[in-house]
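Asker: structure for this input, please:
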Amino acid sequence: MEQEKQNPEATAAADGKESGSFIQREWSNFREVALPAMPGLTVRWLLRAAIPAAFFYTAVVFGLLQYGASIIELITDPEIPENQAWYRGLLSNIGIVLWIATGASCMFTAWCRKGDESSVVARKLIIAGGVLSLMLAADDGLMLHDRMKHQLRFYAVYAAVAGYIVLWFFRELQSFDFMALVLSGGCLAASIFVDLIQMDIPLRYEYSQFFEEGFKFIGIVGWAYFWMGTGRTILALPKVN
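Answerer: Predicted structure coming up:
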């Protein structure tokens, strides 16, 4: 410490030399490792992200133009009316985000275990859960079942997919926190039940909605808990190629 106080110029020179050598090392590493990989990484980004995104974007825009939509309607952010509170639809939007996050988590887990012979069945299970989660996200976000006259048909499709998952992967599900799936499914079923009978029960609409959406929200959170936990368990399994 005393030497540093006595020779501040020497200390500053040493620090500058270390800083210069650090920059040189990093630049050399960049030229040797990152720079040669740039063309391949760029092509991979184009093929896996940019081109599929551009295709989807163009297909949606031009597809909906055929149904009378305008480009401005499709590409602009939704407007919030002056008298509409910022929290309108907050819990519903959180639920949609959880559906999407669960589906994405499942698909990421399946992608990480690609080629692993020890978790083939578990990978199929997590893919099935991800597909159903994304189906429910699309339905909830676009309010598909609310726009259709025959809501029961939508519910029947979801019930059939859920039943397929339970029956086909019954033994595999027992290796995970299966009660979380059972209880979450029960909450979602209770939400649908309240939705179907709310016009026939002596309860104000806002109260019946409170229970319907409450069961649904609890079910979604539990659903996310189960599938994300299952994905974490699958990722922790030893990988065998």
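Asker: name the single longest helix found in this protein.
Answerer: Of all the segments assigned as helix in the chain under DSSP state H, the longest by residue count is helix 205-236.
Asker: elements contacting that helix?
Answerer: Applying 3 or more Cβ pairs under 8 Å, 6 or more residues apart in numbering; DSSP states H and E, we find helix 205-236 packed against helix 90-112, helix 120-142, helix 178-197. Using the backbone N, CA and C atoms, a C-beta is placed for each residue, glycine as well.
Asker: closest one to R232 among those helices?
Answerer: Distance to R232, taken as Cβ to Cβ, is lowest for helix 90-112 among those, at 8.1 Å.
Asker: list the buried residues of the closest one.
Answerer: G95, I96, L98, W99, I100, T102, G103, S105, C106, M107, T109, A110 (16 or more other Cβ atoms under 10 Å).
Asker: V221 against L98, yeah?
Answerer: Yes: applying Cβ atoms under 8 Å as the test, V221 and L98 come out as touching, 6.5 Å apart.
Asker: walk me through the domains of this protein.
Answerer: Residue ranges for each domain of the chain read 16-72, 89-236, as given by automatic domain parsing.
Asker: burial measure for the closest residue to L237 other than its chain neighbours, as a count.
Answerer: If the residues on either side of it in the chain are set aside, L237 comes closest to S119, at 5.5 Å by Cβ to Cβ, 6 or more residues apart in numbering. Other residues near S119 number 22, with proximity taken as other Cβ atoms under 10 Å.
Asker: what secondary structure does V240 sit in?
Answerer: Taking DSSP: H, G, I helix; E, B strand; the rest coil as the rule, one finds V240 in the coil state.
Asker: how close does the spatially most central residue of the chain sit to D195?
Answerer: With distances taken as Cα atoms, centre = their mean, the residue of the chain nearest its centroid is A101 (2.3 Å). Applying Cβ to Cβ, to the nearest Å, one obtains 24 Å for the distance of A101 from D195.
Asker: same question, I72
Answerer: Between I72 and D195 the computed distance is 34 Å (Cβ to Cβ).
Asker: do Y57 as well
Answerer: In this structure, Y57 lies at 34 Å from D195, with Cβ to Cβ as the measure.
Asker: just L47 next, same as before
Answerer: When Cβ to Cβ is the yardstick, L47 and D195 sit 43 Å from each other.
Asker: of the two, who's got more company?
Answerer: Set L47 next to D195 and count neighbours by other Cβ under 10 Å: D195 wins out with 20 against 10.
Asker: which regions of this protein lie under the pLDDT threshold?
Answerer: Low-confidence segments of the chain, defined by pLDDT under 70: 1-20, 76-84, 86, 146, 148-149, 241.
Asker: one more time with 80
Answerer: Screening the chain residue by residue with the criterion pLDDT under 80, one finds the ranges 1-20, 22, 30, 71-89, 116-118, 143-154, 198-203, 205, 239-241.
Asker: CA atoms of stretch 223-241 as CSV?
Answerer: Coordinates of the C-alpha atoms in stretch 223-241 are reproduced here as CSV (Å, rounded to 0.1, in the frame of the first residue of the first chain):
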residue,chain,number,x,y,z
TRP,A,223,-51.8,-26.1,-14.2
ALA,A,224,-48.7,-24.0,-14.7
TYR,A,225,-47.3,-25.3,-11.4
PHE,A,226,-47.8,-28.9,-12.5
TRP,A,227,-46.4,-28.7,-16.0
MET,A,228,-43.4,-26.4,-15.1
GLY,A,229,-42.6,-28.7,-12.2
THR,A,230,-42.8,-31.7,-14.4
GLY,A,231,-40.6,-30.0,-16.9
ARG,A,232,-38.0,-29.3,-14.2
THR,A,233,-38.1,-32.9,-13.1
ILE,A,234,-37.6,-34.2,-16.7
LEU,A,235,-34.7,-31.8,-17.3
ALA,A,236,-33.0,-33.1,-14.1
LEU,A,237,-33.1,-36.7,-15.4
PRO,A,238,-29.7,-38.1,-16.6
LYS,A,239,-29.5,-37.9,-20.4
VAL,A,240,-28.8,-41.0,-22.4
ASN,A,241,-28.1,-40.6,-26.2
